Structure formats: structure tokens, C-alpha cells
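>>> all I have is the shape, not the residue letters:
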């Protein structure tokens, strides 16, 4: 193929000579196509056919540029004619030439751009982007030619498409040419000169040492700016480039409109300048504000993206602002209430075409719920009258939704929540009570009235005492006419508040109405019965009657003579109070009794005085037995010689011990001891007393014995009857005096019954102090509270007949029995101290004297009449024991005393009248 081509080329001169003729006569064939312009000379260009990958020469009707993708329509000739390519001056057959072609440029198939424009000026250091297009997969070379030489940027095979290369303008300054070579592959069957059709596209630009203006800061005053107003924008411009910047300007743009500008002087590298721009903010221009430096691109800069500074939301819309207020903010439940909804425009612009929607919550009705308002000017308000009806009390939130337009026809909407407080209805209650003053347990009626609307409400009936809390006692329902009533009976006394209370609900307020009720307690009385006088240590009964009769508790307070007190509680059953009490302290006791009435009855009081006197402590049977045995043993033992020697020895030893210790007893005490010992031994050795030279009714020695005996008996029985409280001053009149009187009477009767009777009858006998009996009385009385002895005894003369002694003892028995009856009568009459002490002492002397041991007179009676002795001995002993143990009825003893007295009187009458004697019959002389 190539040899044929060379042959044709060798014959080309000849062909050219003859070709004109052939060309002129060859037929024209229409032809059309499209492809890429790869070479251009005037109006002739080479077009690269993408499908054939061949080149045609086109004589077009317009100029095209290398890289254009064109369409053409013309004609060609099919003769074998060789012509020269007007662009390359190489021979080519005429069949590849298109004549008179109509050409249209479709697009750029191969294109080269630097940041979108060739021929521009860029600053050194400025970032640039090189963009190019590749129509088919081809080898691509990109070369930049700088003043310092060429630099290959790219050399590789790329697929069809658009490509971008980023870079930075470098040194040195000067013109730069970018050359883009796209090596389009050709078909080997085409008459080409090369294997590739090379498309070269050029782009020239200039690099200079440039400035770089940057907006560093922007201040807007006031911020934000308001539509339809004026303001000031201050911008700080810094030249961050390496060259001086030219004089330019700064503009402020709002809503794509320049609203102000100011001149910016040249700035040296690294310098800055502050520019103030007065702006007029247009209406309807809310949003951002832009500050631009060098808007006319007078300054060649390294970067252009830092020439704009955006202040977001710098311009605030001049808009209406609607606020809703509800007046009044409180209404009453279940009542149609009129309220006013006040809409106020607190914005800067007029609100137009206002639509208001009111959304009440459940339980609240609002009328009307929607309405339209034409407009509201700034700082103006519109009042809307509403009717509100709430089913129940509480706080309700109404949502008020408003949609409206502003002066710029922009739509706005606001949703507000207004609060309305729904108060409960006041529940007016009135009450009165009949009667207002009653006694406990008397029925009363509470009357009242409430609003008619409250019919059906259930009210709590409450009452309270002063300073206490309310207590519910019942429930009452309001009738259809608003009235109500409640009957009840007060159970406790006091000053009451009685009324009705309603705790409130969702409609009615809590309410309380009350009135006063005075409830008096039932009067009560307490009558006590106690003895006027009781004995210490002896139980007595307090009886009382409570009226009205009921079961209760009685508090008894016992106040002792010394001021001390004690309390006790006693149950009251059916109005009867009974308490058994034992008081040990003598004196006047005050008994205060009270039955608390509580809330129903008044307190019942009673008070009285009772006198407690001393009383002998009842002896125990064992103590009585020991006392009898002790008294008998002491009396008998001291009569023995051994006992006398022991006593004498003990006394001598005591005296010697005291003298050895340097203690000398007083003279009077020593003489008294000698006298006592002398009397002891004398009484034991001398059984009979010689009669005095001159007859006397009472001898001095008898008088002394009587006094000692009375004193000793008074001392012992005072101790016994006072329960051991001998030193208590209060026993003087209660115990001492009665005991002394009883002792005096007993000793005298004892003297009269034996010693004086003997003297009157011509026989001699005198009353003598008997230490053995005195010791026995003291020991048995103090230790065992059972005195058993006699401090004195009659001593008869040597010629006193034993039979008369025996008979005299019977007279003494009857006399002392009569005296014991007298004392028993005193006990029955309430003179207990004297009667008790006299009774015990009398029976003790009588029983002691009847013991059948010498020197006691019972020995003579037992010797003369054993049967008679046994009778009187057992009877006197029995009565003595019964008296000590308090098992002897005083009336019985009184009866026995009366019998004894009657026998004495009968004995005297019989002896006086007929010379007969009962005693003589009982005690007869023994036959020799």
C-alpha cells in the first residue's frame, strides 16, 4: 500500500498538470459528516472522523478552531486526482477533499481552560485549575511553557472524558502557555502521513506577584439590622498577598442588592484597612448580609474566595408580633362567664388578614372559637368578647393559634397558651340549733340552708369541744329547696361548736358553717357514812350512796393528822360505794371522796372527819400461851432460893463491873436498887404480915403499893393499847387517861375486895407491892402484848384463917367479874380504850391470882375446895384468853358481870338478913 502511495506521489507532478482538466470534468458527489477539527488554515481544516479514524480536508464556509466538533455538508469528486494538502502541503487524492462545505460547530471536543478563562492574569502562589476534554481514548500530553522553559505536566493515555488538574502558580512572573496535545489514533487503511492525528490546543495566561485581599472581620451596627432602616457596616480588610493591592472598593449586599459601598485605598503586603459603609436596609429583605471587596476584579489576587464575608441573619424582618391576654384570668365553675381576649401587636409591622383559632381543653367551652380580624397596627390591640363555661374548677390552658400576613405579604403564625383559672363556687351555708343550751342526753336538732343549686350535696355534720378538732357525727343531704336538718343527742357535757362541713369538689368550694351548743352535765351527789371514831389498826367500812345511781369509780383521799395522804380507787356499783379501810395513825383523819362525772355527770364530792384512836393489837394464840407460861414461870422461879441467889449474884457482879470501870451509879439509883432487892427477898420470905399497932384502913405502905401498882399497870396497858406508840403526844387523852382511870379502878377494887374486906371483918390483910408479879406483867405485856401478872398482892397476918382466905377469894372473884362486866359495858358503849384495858387487866389479875401456887391466893382456895377452885379458875382463864384474842362478845361479858354483881348483892342480903351465905355453902370447913 505504501509502495503504491509512493508511486502516486512520484507521478504527482504529471497528475497535477492534467488533473485540472480531469477535475473540471469529474462529477460532484454530495458528502456530509462530523468530526473533530485537528488542523486549521484559513477556511480549510482537517477533520478527524471518529468512526473511520481518518482525516478529510474540508473547505468550509466559516472558520473553525482546533478541537471543535463540527458537522459539515459539501461535495467531493471521485476522480483519481492528486492534489496538495493546503495545510501540510503534502499530496493527497482529491477524493478526501470536501468542497464548498457548510460547517456548523457543535461543541468543543478538545478543550483547554485555566480556571475557566485563558488570557487571564494570575498571581504567583494562586491556586489554579486546568480543565481539558478528551474525545476518545488517546495519548494526552500537557506542557506549560514558562519564561524559564517548558515543563511537562502530563503524558499518559486517557479515556474519553473531562479532566481537571489543580496546581499553584509558581515563579517566575511572566506569560505562560499551556499546550494540550491529544494524539488521536488513525486507521492504517487511510492515506495518512502519520500514525496519529495530533490535536494541539493552546491557552496563554500571565503570572504576576499579586496581592490577596481578605475580609478579616465585619461589624454590623445595630445588630441585627431591621428592614426599612439604616445602619453601618464596618469591615476590616487585610492584604495577605505579596504585592500591593490597587485601589478598589468595598460593597455591602443585602438580598442581591448593593445597599452601600466605600472606597478601599491601596494596601501594602501585610497591611490592613478598616472601611465604614453606610447602608440603607431595604424592606422585605431579611436574612444574611454580604460584604464584598474588589467586586470589579480590579486587583489581581492569589485567592478570590476570601473576598466575600457573609453575616448570617444580619437583617431581621420587620414583622408583627401578636400577644394574647385573657381578662379576667379567673372565672367561676358551672357559670357562663364573660371574658375578653385581648390581642396586642407588639411588633414593628402591621399584622394583616389575621385568623384566630381558640382550642379549649376538655371540660371548657369557649364561644366563639374562631374569628377573623382585618389588621392590627403596631402598639395597638383588639379586644374580643368570649363566653367561657367550665364544667369543673381548675386551671385550664387555652391554645390560641394565629396566622397573619405582614406588610411584605409574608405569612406568619404564632401559637400561644393563655391560662384561665376556674374557681370553685362559694357554698354559702347557714345553720342554727334548737335548743342551744341543754343537759347531757337531751336531743337537739340542727337546721340549715344551702343554695338551691347545691341540692343533692351530702354534707358532713361535725362537732367539736373547745380547743379540739372537728369530729364527724353524721351526714345530711341538701333538699331541693336547699334546706337540711339533723337530729342528734349530745353524749358529753361541754361547750360545743356544731355545724356542717363540705370538703369541696370540682365545682363547690370547701365550706364550714357552725353554731354554738352548750351542754350541761347532770348534777350528782355523794353521801358518805363512816363511824365518828375508829380504832387504829381496826378495819372499818366507808359506805356511800351516789345519786343518780350508776357504775363509776370513786377516788377516796385519806389525809392523815400529820398532813400525809394516800389515795385509793373504789368501784361504784349501781350507785353504792363501799370500802374497807384500816388506819394506823391516831388522830383526826379527813376523808375526801370524789366520783368524777366525766362528760355526762357533774363531779360528786363528799368530805368528812373521822377520829382514829389507839387500840390494842390483838394477840396471837401462841403469844398468849407463851405469856401465861412466862408469867407463871417468872413468878414461881423468883420465889425459889436458887433464883434469889442468882439475882443477888448478878446484881453484885453488875455493881463490881461498874466500880471496876470507874462508874459509880447515882445515890438515888443505888438506894432504889437496894430497896427493890429488899422487897424482892422480903416478899419471898415473909408470907404473913403482922398487924400494925394502930388499926388503919390504908397504911402508908399500902398507899405506896397502890401508887406503884397503878403506875406500873398504866405504863404497861398504855403501851399495849397504843400499839407501842407511847411517846405519841396524841395518845394522852385517847389512851393514857382512860388507861390510868381503868388501872386506878382495878387496883382499888382489888384492894377493896380482899385487903379492906379483911380489915372490916376484923382480920388483918394489907395490899403489898409484888416485884415478881410486876416483872411478869412487864415482860408479858411488852413482849407479847398479853399482860399476865399482878404488880401487887394482899399479904395477911399470921392468924388469918385459911378457910376465910378461900372464901375471900370467891368474893374477890365475884367482885372482879362484876368489874369485868362493867368494863365490857364500856366497850359496848364505845369507850373502848378504858373498857378494853380494864377488861384485860381485870381478867389478868383474876386469872393470875387463881393459880394454885403459893403465895398466890388460888393455893388456899384449891386447898379448901378443889371443885370450886377448878370452876373459877377455868372460867376466869377462858374469859381472859377470849378477851385477849377478841373473840369474847362484850355483851356476853357484861351479862356475866351482871350475874356476878347480882350474886354479890344476894350474898350481902342473905348474910345480913338470915346469916346465910352462898359462899359458905360452896366453901365449907373440912371435918377433922
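Ah, there it is. What you are looking at is a predicted structure, and each value in this text was computed from that prediction instead of being measured.

>>> how far does stretch 404-413 sit from its chain's centre?
Its chain's C-alpha centre and that of stretch 404-413 lie 58 Å apart, by CA atoms, centre = their mean, to the nearest Å.

>>> tell me the secondary structure for the residue nearest in space to the middle of the chain?
Geometric centre of the chain, nearest residue: residue 469, 20.6 Å, by CA atoms, centre = their mean. Of the three states, residue 469 takes coil under DSSP: H, G, I helix; E, B strand; the rest coil.

>>> for the stretch 151-300 of the chain, what are the low-confidence residue spans?
191-193 (pLDDT under 70).

>>> go again with 80.
188-195, 208-210 (pLDDT under 80).

>>> quick one: the strands in it, in order.
Ranges of strands in the stretch 151-300 of the chain, per DSSP state E, counting those that start in this stretch, are 161-168, 174-185, 196-208, 213-221, 225-226, 230-239, 248-254, 257-264, 272-280, 287-293.

>>> for residue 815, find the nearest of those strands.
strand 225-226 (146.0 Å; CB to CB). C-beta here means a position set from N, CA and C on the backbone, and glycine is covered the same way.

>>> other SSEs contacting that closest one?
strand 308-316 (3 or more CB pairs under 8 Å, 6 or more residues apart in numbering; DSSP states H and E).

>>> neighbouring strands of the strand it packs on in the sheet, and parallel or not?
Here strand 308-316 is paired, per DSSP bridges, with strand 225-226 (parallel), strand 287-293 (antiparallel).

>>> which stretch among the strands of the stretch 151-300 of the chain comes nearest residue 532?
Per CB to CB, nearest to residue 532 of the strands of the stretch 151-300 of the chain: strand 225-226, 114.6 Å.

>>> where's the residue nearest to residue 742 when sequence neighbours are not counted, which helix or strand?
Closest residue to residue 742 apart from its sequence neighbours, by CB to CB, 6 or more residues apart in numbering: residue 838 at 3.5 Å. Secondary structure assigned from DSSP states H and E places residue 838 in helix 832-849.

>>> and residue 812, that's in a strand?
No: counting by three-state DSSP, residue 812 falls outside a strand, being helix.

>>> that one is in contact with residue 849, isn't it?
Yes: the criterion here is CB atoms under 8 Å, and residue 812 meets it with residue 849 at 7.2 Å.

>>> so what sits against both of the two?
Residues touching both residue 812 and residue 849 (CB atoms under 8 Å, 6 or more residues apart in numbering) are residue 857.

>>> what about residue 397, how many residues close to it?
Burial measure for residue 397: 12 neighbouring residues, criterion other CB atoms under 10 Å.

>>> the one 5 residues further on too?
Residue 402 is flanked by 21 other residues according to other CB under 10 Å.

>>> what is the helix or strand hosting residue 823 packed up against?
Secondary structure from DSSP H and E places residue 823 in helix 802-828. Where contact means 3+ CB pairs under 8 Å, 6+ apart, helix 802-828 is packed against helix 737-751, helix 757-760, helix 832-849, helix 858-864, helix 866-884, helix 890-913, helix 918-922.

>>> give me whichever of these is most buried.
Mean neighbour counts were compared across those using mean count of other CB atoms under 10 Å; the top stretch is helix 832-849, at a mean of 27.

>>> ok so, going back, worst average pLDDT in the helices and strands packed on helix 802-828?
For the helices and strands packed on helix 802-828, the weakest mean pLDDT is recorded on helix 757-760, namely a mean of 61.

>>> ok, residue 207 - how many residues close by?
Neighbour number of residue 207 under other CB under 10 Å is 23.

>>> checking residue 418 next. Helix, strand or coil?
Residue 418 ends up strand, using three-state DSSP.

>>> list the beta-bridge partners for the residue nearest to it when sequence neighbours are not counted.
Leaving aside its sequence neighbours, residue 418 sits nearest to residue 326 (CB to CB, 6+ apart; 4.5 Å). Using DSSP bridges, the beta-bridge partners of residue 326 come out as residue 341.

>>> which residues touch residue 326?
Taking CB under 8 Å, 6+ apart, one finds 339, 340, 341, 342, 398, 418, 419, 420 in contact with residue 326.

>>> ok, 6 Å please
339, 341, 418, 420 (CB atoms under 6 Å, 6 or more residues apart in numbering).

>>> show me the beta-bridge partners of the third one.
I take that to be residue 418. Counting by DSSP bridges, the residues bridging with residue 418 are residue 398.

>>> and which of the contacts of residue 326 is nearest to residue 143?
residue 418 (77.5 Å).

>>> quick one: which of the helices and strands packed on helix 802-828 is nearest residue 384?
helix 832-849 (108.7 Å).

>>> ok, residues contacting that closest one?
616, 717, 721, 735, 738-739, 741-742, 746, 787-790, 816, 819-820, 823-824, 826-827, 856-858, 876-877, 879-880, 883.

>>> list the buried residues of the helix holding residue 823.
Within helix 802-828, the residues that count as buried by 16 or more other CB atoms under 10 Å are 803-827.

>>> could you give the mean pLDDT of it?
81.

>>> list the contacts of stretch 450-466.
In contact with stretch 450-466 (CB under 6 Å, 6+ apart) are residues 429, 470, 472-478, 480, 482, 486, 494-498, 500-502.

>>> quick check: mean pLDDT across that stretch?
91.

>>> next, the buried residues of it.
450, 454, 457, 459, 460, 461, 462, 463, 464.

>>> neighbours around residue 64, how many?
Residue 64 - counted by other CB under 10 Å - has 20 other residues nearby.

>>> which SS class is it?
Quick answer, by three-state DSSP: residue 64 is coil.

>>> how much space separates it from residue 52?
Here residue 64 is placed at a distance of 19 Å from residue 52 (CB to CB, to the nearest Å).

>>> if residue 157 is in a bridge, with which residues?
Those that pair with residue 157 in a beta bridge, by DSSP bridges, are residue 139.

>>> gap between it and residue 821?
Distance from residue 157 to residue 821, by CB to CB: 171 Å.

>>> do residue 277 as well
The separation that residue 277 has from residue 821, given CB to CB, amounts to 151 Å.

>>> now residue 55, nearest residue through space, not along the chain?
Closest to residue 55 by CB to CB, 6+ apart is residue 46, at 5.0 Å.

>>> contact partners for that neighbour?
Here residue 46 is in contact with 38, 39, 55 (CB under 6 Å, 6+ apart).
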